[in-house]
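Undergrad: With the input below, show me the fold.
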Amino acid sequence: MNNSLNTLQQDALLLLKELISIPSFSREEDGTASAIAKFLAVRQIEASRVGNNVFAKNKYFDPTKPSILLNSHHDTVKPNPQYSRNPFAPDEADGRLYGLGSNDAGGCLVSLIATFLHYYAINNLQYNLVLAATAEEEISGTGGIEYALQYLPPIDCAIVGEPTLMQMAVAERGLMVLDCVSHGKAGHAARNEGDNALYKALEDIEWFRTATLERISPLLGPSKMSVTVIETENKAHNVVPATCRFVVDTRINELYRFEEVVEWIRSHVKCEVTPRSMRMRSTSIALDHPLVAAGLKLERSYYGSPTTSDKALMPFPALKMGPGDSARSHTADEFIYVDEINAGIELYIKLLDQVVLPPTA
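TA: Next up is the predicted model:
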């Protein structure tokens, strides 16, 4: 296989149009998984599928070499109700390709697939390349990259395709949701009975509003805690509530472990504090990592991303980088510029050339 850059770009655009035309909401990605597998099979690339995740290895895969994962997702959110276009119609106009998932993260996915095709049949790479088009990213589901990794060869590092304007997101805030319960004693409101759990919750909520985690990341800034939901079990106006539940959304920078944050919170509040999950951890990749160093040579800037991605579920260094703009994600009439896809493929190849090609004499 010796595809020219122009052929890769044309094939990537055609594939993206096909993916847009197939509804692929999280956990409902069967159609797009089949389309990706067929795209690879037509090019005589043996791909495997687990659930709705499709993956492949380069032709001359060598288990003695380190491996780089090229990963992006093919699931989408449901269309914004303010769409004026058919979200499943891949319409091209004024240099833009419209359609649900075009920007997040279809453009990234097809650009990485094209990049994988470029290197597929080169037999003297310093790294293996593993392609993974995965599911359930939009809901942080357990059937996506986390599930697929069990079937992949050992991975040393990754490029995660998300719309970053092809700049380098080298760190991500982690997401940890806390379920909190304050306990009191039920009573009749008119007789001044009971011990109001809602008032107790308000004391802790005020602490969450004003408390600060001291370590400030140069990439991600301070960590943040926000109380987002509050409720009591009774709906009667004249009953003092015995329990009050509230939810805290925490966005933790890479300088903290989730466990130490939970321990610190519990030492300051009276309510019960239970993390729903500690899966979506904060992450970072070193600025001297070969992938980042290669990007810096291409004058790519780096930053800390406030949003989470499948990078949070990877137990190895990962660089988040891709064509498209995060500001367009989940918006009505989502689009990506065709030129962004073309430039994305070219930049991915220029970056990886520095890492995977053997040094010239």
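
Undergrad: quick one: buried residues of stretch 158-173?
TA: For stretch 158-173, the neighbour count (16 or more other C-beta atoms under 10 Å) marks 158-166, 168-173 as buried. Using the backbone N, CA and C atoms, a C-beta is placed for each residue, glycine as well.

Undergrad: how many neighbours does K297 have?
TA: For K297, the neighbour count with other C-beta atoms under 10 Å is 11.

Undergrad: who's in contact with it?
TA: Q354 (C-beta atoms under 8 Å, 6 or more residues apart in numbering).

Undergrad: Could you verify that A114 is part of a strand?
TA: No. A114 sits outside any strand when classified using DSSP: H, G, I helix; E, B strand; the rest coil, being helix.

Undergrad: Is it correct that it is in contact with L347?
TA: No. Assessed by C-beta atoms under 8 Å, A114 is found out of contact with L347, at 11.6 Å.

Undergrad: hang on, the earlier thing: farthest-separated two in the buried residues of stretch 158-173?
TA: Farthest pair in the buried residues of stretch 158-173 (C-beta to C-beta) is M166 and R173. Separation: 21.0 Å.

Undergrad: hmm, back to that, from the buried residues of stretch 158-173, which is closest to K200?
TA: For these, the nearest to K200 is R173 (29.6 Å; C-beta to C-beta).

Undergrad: which ones are touching that closest one?
TA: R173 touches L220, S223, R251, I252, N253, E254, S282, G304, S305, P306, T307, T308, counting by C-beta under 8 Å, 6+ apart.

Undergrad: Roughly how far does it sit from V240?
TA: 38 Å (C-beta to C-beta, to the nearest Å).

Undergrad: got it, and S48?
TA: Separation of S48 from V240 (C-beta to C-beta) stands at 59 Å.

Undergrad: who's more crowded, these two?
TA: More crowded of S48 and V240, by other C-beta under 10 Å: V240, with 23 against 14.

Undergrad: Hmm, the more buried one is touching N196, no?
TA: Yes. The pair V240 and N196 passes the contact test of C-beta under 8 Å, sitting 5.0 Å apart.

Undergrad: Tell me, please, the helix or strand in this structure that averages the lowest pLDDT.
TA: Scoring the helices and strands of the chain by mean pLDDT, DSSP states H and E places strand 187-188 at the bottom, with a mean of 88.
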